[in-house]
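*Asks:* Task: produce atomic coordinates for the following.
(2 chains)
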2 protein chains.
Amino acid sequence: MTIHSCNGNFPTKGGFALAIAPTPQPPYYAVIFTSLRSDQDAEAYAQMAERMVQLAKQQPGFLGVESVRDAEGFGITVSYWDSPESIRRWKAHAAHKIAQEKGKNGWYEQFFTRVCLVERDYRWERNPDG
Amino acid sequence: MTIHSCNGNFPTKGGFALAIAPTPQPPYYAVIFTSLRSDQDAEAYAQMAERMVQLAKQQPGFLGVESVRDAEGFGITVSYWDSPESIRRWKAHAAHKIAQEKGKNGWYEQFFTRVCLVERDYRWERNPDG
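*Replies:* Sure thing, here's the model as predicted:
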């Protein structure tokens, strides 16, 4: 199995590697965070989002993150974790709690968080020679 | 529980409602499809993607879909289903199989599919009055 580093040969943008998270064999956990941004505070939001990724990467059990937001403000961020305990610890992290409050107080119109057990996965990439 | 229709009061773009999928109470299934597009065939790809969403919506057990792709071609699509059987049926659908082959034959640089059991979820939206 090829391990793809999040900082491999892909460009980065705003702290997120434009690459698929190098998760291990299932089972592991995924937290799907789908959100619609308001138009407030674009710069402050971007800074917070980047800080949250950096903090999440330091948490025990963090396996990777994938994130995309389009020009209309609709975004999906999926973070991967080794266990529900690691997810709970991240949720309780002080800085993360502050970001959650700010999210409800202006940055988001709506969001939805789904905690999932990844049962199976399948990866594919183009052969660089063809 | 408020049911949000995918075609509620949100704008749509390219066949995808810019809204969070109105899934029922857990448990249910999520298929996370993360991909990096090549620069080939933008128009043909967009048509295929829209067609796949329309077809998926007709499949038994389909619960909703959320999708974002950014300007660099990195995208996340999450479809929601009532069971692994519904996912398998969708995977085996002839038109979907054709799209998968086309994906490997030019449209994608890489992709990763994760099949997950959604164990719990939490939704929030801004109160329209404040």
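
*Asks:* Tell me where chain A has helices.
*Replies:* A:42-58, A:84-92, A:94-102 (DSSP state H).

*Asks:* Which strands or helices does the last one pack on?
*Replies:* Contact analysis of helix A:94-102 by 3 or more C-beta pairs under 8 Å, 6 or more residues apart in numbering or on different chains; DSSP states H and E lists helix A:42-58 as its packing neighbours. All C-beta spots, glycine's among them, are computed from the backbone N, C-alpha and C.

*Asks:* What of the first one?
*Replies:* With contacts taken as 3+ C-beta pairs under 8 Å, 6+ apart, helix A:42-58 sits against strand A:62-69, helix A:94-102.

*Asks:* at 10 Å instead, please
*Replies:* strand A:16-17, strand A:28-37, strand A:62-69, strand A:74-81, helix A:84-92, helix A:94-102 (3 or more C-beta pairs under 10 Å, 6 or more residues apart in numbering or on different chains; DSSP states H and E).

*Asks:* A:Glu85: neighbouring residues, count only.
*Replies:* Neighbour count for A:Glu85, taken as other C-beta atoms under 10 Å in any protein chain shown: 12.

*Asks:* looking at the helices and strands packed on helix A:42-58, which has the lowest confidence?
*Replies:* For the helices and strands packed on helix A:42-58, mean pLDDT drops lowest on strand A:16-17, to a mean of 43.

*Asks:* average pLDDT across whichever strand in chain A runs longest?
*Replies:* The single longest strand within chain A, with elements called by DSSP state E, is strand A:108-125. For strand A:108-125, the mean pLDDT works out to 94.

*Asks:* Run me through the strand neighbours of it, direction for each.
*Replies:* Using DSSP bridges, strand A:108-125 pairs in its sheet with strand A:28-37 (antiparallel), strand B:108-125 (antiparallel).

*Asks:* in the last one, what's buried?
*Replies:* I take that to be strand B:108-125. Neighbour counts over strand B:108-125 (16 or more other C-beta atoms under 10 Å in any protein chain shown) mark B:108-118, B:121, B:123 as buried.

*Asks:* Cool, thanks, talk later.
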